[in-house]
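Chemist: fold the following.
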Amino acid sequence: MESPDETDGLLYEQVAEKIGGLIRDGVLRPGDRLPSLRRTSLQQDVSLTTAAQAYITLENTGLIEARPKSGFFVRFQSMLPEPGLSRPSASAVLSGSSDIVSRVFTAAMNPKIIPLGAAYPGADLLPVKKLHRTLAAISRSAGKSAISYDMPPGCEPLRREIARRSLDWGTTLPMDEIVTTCGGMEAIVLCLRAVTRPGDVVAVESPTYFGILQAIESLGLKILEIPTHPRDGMDPDALEKALKAHKVAACLAMPNFNNPLGSLMPEAGKERIVSMLAKKEIPLIEDDLNGDLYHGNERPHVARALDKKGLVMLCSSFSKTLAPGYRVGWAAAGRFHEKVKKLKFTNTLATATLPQLAIAEFLKNGGYDHHLRSLRRMYASQVQRMSRAVAEHFPAGTRITRPAGGFVLWIELPKQVDSLNLHDRALAQNISIAPGPMFSAKNHFRNFVRISCGNPWSGRIEQSIATLGSLAAKLIK
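Modeler: Numbering: from 1, shown residues only. Now for the predicted structure:
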C-alpha cells in the first residue's frame, strides 16, 4: 500500500503532466494565464497543496512563471539559439579605455532615453519608501555616531548581518574578516591591489563586466581573457591551459551570474577552478554581486565555500538588490584580510556610516528576504519578456543567452552588424544599449550587445526592442 506522501507525489506529478501537455501541444500558449491554484484544485479534484506542488514542478521545468500579484503564466521559450563558447586570443594585454562607457552612462541619466544600456535596477522595483523610513529612523536614534567616521573594517551591525546571510551561500564568513567598502567596485579594486603589482597578469572571463576591465587597467595590470560559456561560465580546461602558458597573479570571476552572460558555473566547475588555483597559490577574486538574483529555487553556493587555503576573496554589494546610490559593498578577503583593511583606510578612509546602518537595519528587520523574492520574480519575468521581444523583432541569425540569474541579456547579432554603429543609430532614436566591445580588453564581440532588463516592462520598452531590431536589420543590407 502506498504511503500518503507517495500518493500525493503521484497526484501532483499527474496534474503537472496534464498542464505541461497542454502547453507542449500549444493549447496553452506563451503569455497565457493559468487557472488559480484554487480553480486548478477544483478542476483536477486535488488538494490546494497538491495543486501548488504541481505548479512548482512546472516552474522548475521552466514551463510556467509566477508574476507578482498576477498569478501564473505560460513562460515564453525562446526559439533563438544561444551564443557559443567565447574564443578570445591567448595573449595578455593592457586594456585601453573607450569613451563608449561614459557615453552609455551619460545616456542612462537622460530621462528622455530608454536605458537599455546601463545595468541598474529600476527604482520602481526597490523598497524606496521603506528604506527612506529606515534611514530617517536610524538618523534620529544613532545620534552622533551616524555622522562619525566608521573606520575599517566598518559597520559592525552590517558585518554581522552579512556573516549571518553567508550561511545561505554554503559558507560561514567570520564577521571580523568582512571589510565594508564604497560599493562593490571598491571591494574588487582593494582585493586586486592586495595581491598584484603593476605589470602582473589577471585572468578574467570573456566577456566580462567593463567596470572590471577598467579597474584592472587603472592599476597597470595586464588582462588575460579566458573562454567562457554562456551557461556554465569560465571554461576550466581553458583556464588550466592559460595557467601553464602565463604567470597569472590573480583570477577574477563571477561564477554566479556573470555580467553580461548570466551564466552559472556548476559546482563541479567551481570546485575544479578553486582547486587548480590553490595548487599554484593564485588568489581568486570572486564577484558575487548577482548571487542573490537567481531565477531558480535555490541560491547557488559561492566558490568561497570550497576554499581551504584562504585564497578566495569574496566581494559583493547591495547595489543590484537594494540601494545603488547608498554605495555600500564589502569584501571578505581570506588570508589577505589585514592588507585589504589597511588599503581601505588609505583609499577612502571609511564607508559612509548612515547608509551602512540603514542597510543593516533593513537586513535585520525590514523584510529583505521578502523583497528579494519579489525582485527575483520581477527580474525573471522581465528577462523572459525581453527575450520574447528580441526573438520576434531581431533579424534572422540572432542568438541570445538564457540567463540563470541577474537581469541582463547578451545578444549575438549577424556578423554584418557592428554594435558600435548600432549604438549610435539607437541613441539617435533615444535608445541606449551597451555594445559588445565594452566587455573585452581586446575589443572582441563587435557584433554583440548587452541589454538590461532592470526596468519594469512597458509598451515603451517593447517598442524600443522593435526599433532596435529594425535598425539591426538595416545594417545587414
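
Chemist: contacts and neighbour counts: CA atoms only from here.
Modeler: Will do.

Chemist: in stretch 415-434, what counts as buried?
Modeler: For stretch 415-434, burial by neighbour count (16 or more other CA atoms under 10 Å) applies to 417-423, 425-427, 430-434.

Chemist: of these, closest to T208?
Modeler: Taking CA to CA as the measure, T208 lies nearest A434 of these, at 12.5 Å.

Chemist: list the contacts of the closest one.
Modeler: Applying CA atoms under 8 Å, 6 or more residues apart in numbering, one finds that A434 lies in contact with V104, L116, G117, A118, H423, V449, R450, I451.

Chemist: roughly how far does it sit from R446?
Modeler: According to CA to CA, to the nearest Å, A434 and R446 sit 11 Å apart.

Chemist: mind listing which of the contacts of A434 are in strands?
Modeler: V449, R450, I451 (DSSP state E).

Chemist: can you tell me which of the residues you listed are buried?
Modeler: Neighbour-count burial within the ones in strands among the contacts of A434 applies to V449, R450, I451; the criterion is 16+ other CA under 10 Å.

Chemist: in CSV: those residues, plus distance to L94.
Modeler: Putting those into CSV (distance: CA to CA, whole Å) gives the following:
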residue, distance to L94
V449, 23
R450, 23
I451, 26
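
Chemist: looks to me like I285 is in a helix.
Modeler: No. Assigned with DSSP: H, G, I helix; E, B strand; the rest coil, I285 falls outside any helix and is strand.

Chemist: okay, now it: neighbour count?
Modeler: The number of residues packed near I285 is 28, by other CA atoms under 10 Å.

Chemist: and the pLDDT at it?
Modeler: Note for I285: predicted pLDDT of 98.

Chemist: check A108 too.
Modeler: A108 is assigned 74 on the pLDDT scale.

Chemist: E361 against A136, yeah?
Modeler: No. In this structure, E361 is not within contact of A136 by CA atoms under 8 Å, at 11.6 Å.

Chemist: that older thread, ok, the ones in strands among the contacts of A434 vs D288, which is closest?
Modeler: Checking the ones in strands among the contacts of A434 against D288 by CA to CA gives R450 as the nearest, at 19.3 Å.

Chemist: from S319, how far out is the closest one?
Modeler: Counting by CA to CA, the separation of R450 from S319 is 19 Å.

Chemist: got the buried residues for the helix or strand encompassing A136?
Modeler: Assigned by DSSP states H and E, A136 falls within helix 128-141. Neighbour counts over helix 128-141 (16+ other CA under 10 Å) mark L131, T134, L135, I138, S139 as buried.

Chemist: want to throw these into a markdown table with pLDDT?
Modeler: Compiled in a markdown table, these are given as follows (pLDDT from 0 to 100):
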| residue | pLDDT |
| --- | --- |
| L131 | 95 |
| T134 | 95 |
| L135 | 95 |
| I138 | 94 |
| S139 | 92 |
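
Chemist: from the ones in strands among the contacts of A434, which is closest to K18?
Modeler: Nearest to K18 among the ones in strands among the contacts of A434, counting by CA to CA, is I451 at 35.7 Å.

Chemist: tell me what the closest one is bridged to.
Modeler: When bridges are called by DSSP bridges, I451 pairs up with L409.

Chemist: the strands in the stretch 151-300 of the chain, which residues?
Modeler: 178-181, 201-206, 222-229, 233-234, 248-253, 284-287 (DSSP state E, counting those that start in this stretch).

Chemist: run through the bridge partners of I400.
Modeler: Here I400 sits in beta bridges with I411, as judged by DSSP bridges.

Chemist: returning to what we had before: now for the helix holding A136, which elements pack on it?
Modeler: helix 353-365 (3 or more CA pairs under 8 Å, 6 or more residues apart in numbering; DSSP states H and E).

Chemist: in the helix it packs on, which residues are buried?
Modeler: Applying a neighbour-count criterion of 16+ other CA under 10 Å, one finds T353, L354, P355, Q356, L357, A358, I359, A360, E361, F362, L363, K364 buried in helix 353-365.

Chemist: could those be laid out in a markdown table, adding distance to A441 and pLDDT?
Modeler: Conversion of the buried residues of helix 353-365 to a markdown table gives the following (distance: CA to CA, whole Å; pLDDT from 0 to 100):
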| residue | distance to A441 | pLDDT |
| --- | --- | --- |
| T353 | 36 | 97 |
| L354 | 37 | 96 |
| P355 | 34 | 97 |
| Q356 | 34 | 97 |
| L357 | 37 | 97 |
| A358 | 37 | 96 |
| I359 | 35 | 97 |
| A360 | 37 | 97 |
| E361 | 40 | 96 |
| F362 | 38 | 97 |
| L363 | 37 | 97 |
| K364 | 40 | 96 |
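
Chemist: tell me the domain boundaries of this structure?
Modeler: Domain assignment of the chain by automatic domain parsing yields the ranges 4-74, 92-123+370-476, 138-367.

Chemist: ok, which of those comes nearest E82?
Modeler: That would be domain 92-123+370-476 among these, by CA to CA, at 5.0 Å.

Chemist: and that closest one, how far out from the chain middle?
Modeler: Relative to the chain's own centre, domain 92-123+370-476 is displaced by 15 Å; criterion: CA atoms, centre = their mean, to the nearest Å.

Chemist: stretch 218-236 now?
Modeler: 16 Å.

Chemist: so R335 sits in a helix?
Modeler: Yes. Assessed with three-state DSSP, R335 lies in a helix.

Chemist: show me what contacts it?
Modeler: By CA under 8 Å, 6+ apart, the neighbours of R335 are K309, G310, L311.

Chemist: for the longest helix belonging to the chain, packing partners?
Modeler: Among all segments of the chain classified by DSSP state H, the helix with the greatest residue count is helix 368-393. Helix 368-393 is packed against strand 64-67, strand 408-412, helix 459-476, with contacts defined by 3+ CA pairs under 8 Å, 6+ apart.

Chemist: okay, those in TSV with distance to V195 next?
Modeler: TSV is the format used below for the helices and strands packed on helix 368-393 (distance: least, CA to CA, whole Å):
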stretch	distance to V195
strand 64-67	43
strand 408-412	30
helix 459-476	42
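
Chemist: just say which of those is most tucked in.
Modeler: Stretch with highest mean neighbour count among the helices and strands packed on helix 368-393: strand 408-412 (a mean of 26; mean count of other CA atoms under 10 Å).

Chemist: how about residues contacting that strand?
Modeler: 83, 119, 259-262, 383, 387, 398-403, 447-454.

Chemist: if you set the cut-off to 6 Å instead, what comes out?
Modeler: Applying CA atoms under 6 Å, 6 or more residues apart in numbering, the set of residues contacting strand 408-412 from outside is P260, L261, T398, R399, I400, T401, F448, V449, R450, I451, S452, C453.

Chemist: cool, and stretch 42-50?
Modeler: So stretch 42-50 is contacted by Y12, S41 (CA under 6 Å, 6+ apart).

Chemist: mind redoing it with 10 Å?
Modeler: Outside stretch 42-50, the residues that touch it by CA atoms under 10 Å, 6 or more residues apart in numbering are 8-16, 18, 35-41, 51, 53-56.

Chemist: just the buried residues of those residues.
Modeler: Buried subset of those (neighbour count, 16+ other CA under 10 Å): 8, 11-13, 15-16, 37, 40-41, 51, 53-56.

Chemist: out of these, which one has the lowest pLDDT?
Modeler: Lowest confidence among the buried ones among the contacts of stretch 42-50: D8, with 42.
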